[in-house]
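Colleague: A predicted structure for the sequence below; I have some questions about it.
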Amino acid sequence: MKWTRALEDYRLYLRLERGLSDNSIQNYSLDVHKLIKFLDINNIKFSPLDISEETIQQFIYEMARSLNPRSRARLISGLRGFFNFLIFEDYRKGNPMDLIEAPKTGRKLPDVISTGEIDKLISAIDLGKAEGERNRAILETLYGCGLRVSELVNLQISDLFFEEGFIKVTGKGNKQRFVPVSPYTQKYINIYLKEIRLHLPIKKEATDTLFLNRRGNELTRAMIFTIVKQLSKRAGIDKKISPHTFRHSFATHLLENGADLRAIQQMLGHESITTTEVYMHIDRKHLRQVIEQFHPRA
């Protein structure tokens, strides 16, 4: 079918020209498949190449019943981008999403935990088990370097430049950046490397991967989520905590202690300073201190 070829072209465009990760490409493709499923279920004889504005409105209305405003806004944005691509590649003439407005969702502030809560999580690790040292090194790296969970599981031993005080991180779109790593974080990574990882039955394809499971294979993102979830339960912290919480806490604590927003942007690997500015909304105390310290009328 012609529209399936258009979808494959779109996926190729997202990968090669937009530089998106496999996860992001999968999410964008899922938006289109939801639309196709809606057309099939309702026996509507259209494809994305000739679908009308009225049919799209019916689809969005149907989705609104099961999606929260944020998810609905993301769906609308994804489909709008898909139809813009179809126009650009001459698959169709107009964008049926032009008159559809996304719901106003506001800006969602990231979840943050305190340094005390981070210490509590780390104290909940059972260091009597072999994976205990690994898990401590994982949490210290997430919090000490502000990594995304995908960046953590893909971290290589050859990416560690401890003498220079940096690690090389491969982020979204395979873009690389150097992030400072403190001697404190280095200490726990080195303990894991020398006392635990050295004795694992490492698989050939994982010889350079830093964090491994007990069988010598690479860890998955889901495994990191499970580790954090189990530790938060064991520590008795009644908050929704994920690996990303450590990244948000890294940025917020730096800002609270006077770090420059542009430097935080570079360490997080944000393309736009606007993305990093969300942390300004968390730390209002810091904003007040800036006025008191630097404004002549303070």
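Modeller: The structure has been received and is ready for your questions.
Colleague: what's the burial count for the residue nearest to residue 165 when sequence neighbours are not counted?
Modeller: Leaving aside its sequence neighbours, residue 165 sits nearest to residue 180 (Cβ to Cβ, 6 or more residues apart in numbering; 5.8 Å). C-beta: built from backbone N, CA, C; applies to glycine. By other Cβ atoms under 10 Å, the residues close to residue 180 number 14.
Colleague: contact partners for residue 180?
Modeller: Contact partners of residue 180, counting by Cβ atoms under 8 Å, 6 or more residues apart in numbering, are 145, 165-166, 267.
Colleague: can you pick the most crowded of the residues you listed?
Modeller: In the contacts of residue 180, the most neighbours by other Cβ under 10 Å go to residue 145, 23 neighbours.
Colleague: OK, contacts around that residue?
Modeller: Taking Cβ under 8 Å, 6+ apart as the test, what residue 145 contacts is 167, 169, 179-181, 185, 250, 267.
Colleague: so how far is residue 214 from it?
Modeller: 24 Å (Cβ to Cβ, to the nearest Å).
Colleague: correct me if wrong: residue 245 contacts residue 117.
Modeller: No. Judged on Cβ atoms under 8 Å, residue 245 makes no contact with residue 117 at a distance of 9.4 Å.
Colleague: among these two, which residue is more densely surrounded?
Modeller: Remark: of residue 245 and residue 117, residue 245 carries more neighbours, 22 against 17, as counted by other Cβ under 10 Å.
Colleague: confirm that that one sits in a helix.
Modeller: Yes. The assignment for residue 245 by DSSP: H, G, I helix; E, B strand; the rest coil puts it in a helix.
Colleague: tell me how far it lies from residue 142.
Modeller: 9 Å.
Colleague: try residue 44
Modeller: For residue 44, the distance to residue 142 - Cβ to Cβ - is 46 Å.
Colleague: of these two, who's got more company?
Modeller: The neighbour comparison of residue 44 against residue 142 (other Cβ under 10 Å) goes to residue 142, with 25 against 14.
Colleague: so who does the closest residue to the more buried one other than its chain neighbours touch?
Modeller: Spatial nearest neighbour of residue 142, chain neighbours left out: residue 246 (3.8 Å); criterion: Cβ to Cβ, 6+ apart. Counting by Cβ under 8 Å, 6+ apart, residue 246 touches 113, 118, 139, 142-143, 146.
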